[in-house]
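Asker: structure for this input, please:
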Amino acid sequence: MRLDKYLAETAQCTRSEAKAMLSKGRVQVNGAVCKKGDTQLKESDTVAVDGKVLCYQQFVYLMLNKPEGVVSASTDKRDTTVVDLVGDAYPRRQLFPAGRLDKTSTGFVLLTDDGTFAHDILAPKRHVAKTYTVTLDTPLTDEMKAGFAAGVTLADGTALSPAEVTALTADGLTVRVVLKQGVYHQIKRMFGVYGAGVNALHRDAIGGLALDEGLAPGQWRELSAEEVSKITS
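Answerer: Numbering: from 1, shown residues only. A predicted model of the protein is given here:
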C-alpha cells in the first residue's frame, strides 16, 4: 500500500492532509523521516506521525447505544441517524448499521464498514442471537411463552423461528426476548399476535457481546478484536 493512502486510512485524514504531513517531515517509516507519499509499504513496516505509531485497521467496528428518536440508517433527510452520532470521527469510512432498531427503540447498534461481517451476522443460517429487554402493556402469559418457543406465526402468515421469552419482573410486564432472526418490527408483531402491546424495547446484546453499561444514550466506542469475535461466538 502507498504511504499516502495508508496515512489517509489510518490517521483518518484526507490525501491532501497526508501530503502536508509528509512535506513537513512529520511522518516516519521504521524510525526514519519519509516525505514520499508514493513509498510502497511492506507489512513489516512501522509508520508513525509525530513519533506516535499508527495501527492499520482494515475495518472499523463500533458499539453505539442508540437513543430513542434516532433512526438506524446511514443517511436520512429528516431524522438524525446512528451514523450522524459518530460525527466526523471516521471521515474516510463508509459506516452503516449492521442490523436495525426501530426509531422508538433503544440500545446496542453495531456500526461497521465491513460488509462481509455484517452479512454473516445477519444471515439466518448463522443464528446470531439478539437479546432485548421489552416492556409490555399486558403481562406475559404461558400461551406467549409456548408460542414463542414453538415459533410464532404472524398475522400475515409469516412463520417465525423459535424464540425465547422470560419474565424479568414479578408482574410479567418486563421480559427478556432472544431472537435468532430479523423480521421487520418482529417483536412488536409477535406480541401483537397475543393482543399485547410493546411500550419499550431495548437491545442488550448481539451474540455474546453485551452493550457496555458505561455508554450513555448516544455514546459509542470502538470494539476490540476480542469483542468482535464474541458477536459470532
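
Asker: alpha carbons only for contacts and neighbour counts from here, please
Answerer: OK.

Asker: mean confidence for the longest strand seen in the chain?
Answerer: Among all segments of the chain classified by DSSP state E, the strand with the greatest residue count is strand 198-206. Taken as a whole, strand 198-206 has an average pLDDT of 98.

Asker: next SSE after it?
Answerer: Later in the chain than strand 198-206, the nearest helix or strand by DSSP states H and E is strand 209-210.

Asker: look up how far Phe96 lies from the residue nearest the centre of the chain.
Answerer: Averaging the C-alpha coordinates of the chain gives a centre point, and the residue nearest to it by C-alpha atoms, centre = their mean is Leu110 (0.2 Å). Leu110 sits at a distance of 8 Å from Phe96 (criterion: C-alpha to C-alpha, to the nearest Å).

Asker: and if you look at Leu173?
Answerer: 33 Å.

Asker: which one's more surrounded, these two?
Answerer: Neighbour totals were compared for Leu173 and Phe96, and Phe96 leads with 22 against 18 (other C-alpha atoms under 10 Å).

Asker: ok, now which ones touch that one?
Answerer: Ala73, Ser74, Val83, Leu111, Thr112, Asp113 (C-alpha atoms under 8 Å, 6 or more residues apart in numbering).

Asker: helices and strands of the protein: which one bottoms out on pLDDT?
Answerer: helix 3-10 (a mean of 88; mean pLDDT, DSSP states H and E).

Asker: what is that one packed up against?
Answerer: Under the contact criterion of 3 or more C-alpha pairs under 8 Å, 6 or more residues apart in numbering; DSSP states H and E, the helices and strands touching helix 3-10 comprise helix 15-23.

Asker: the protein: helices as residue ranges?
Answerer: Counting by DSSP state H, the chain has these helices, from start to end: 3-10, 15-23, 115-122, 142-150, 186-192, 225-231.
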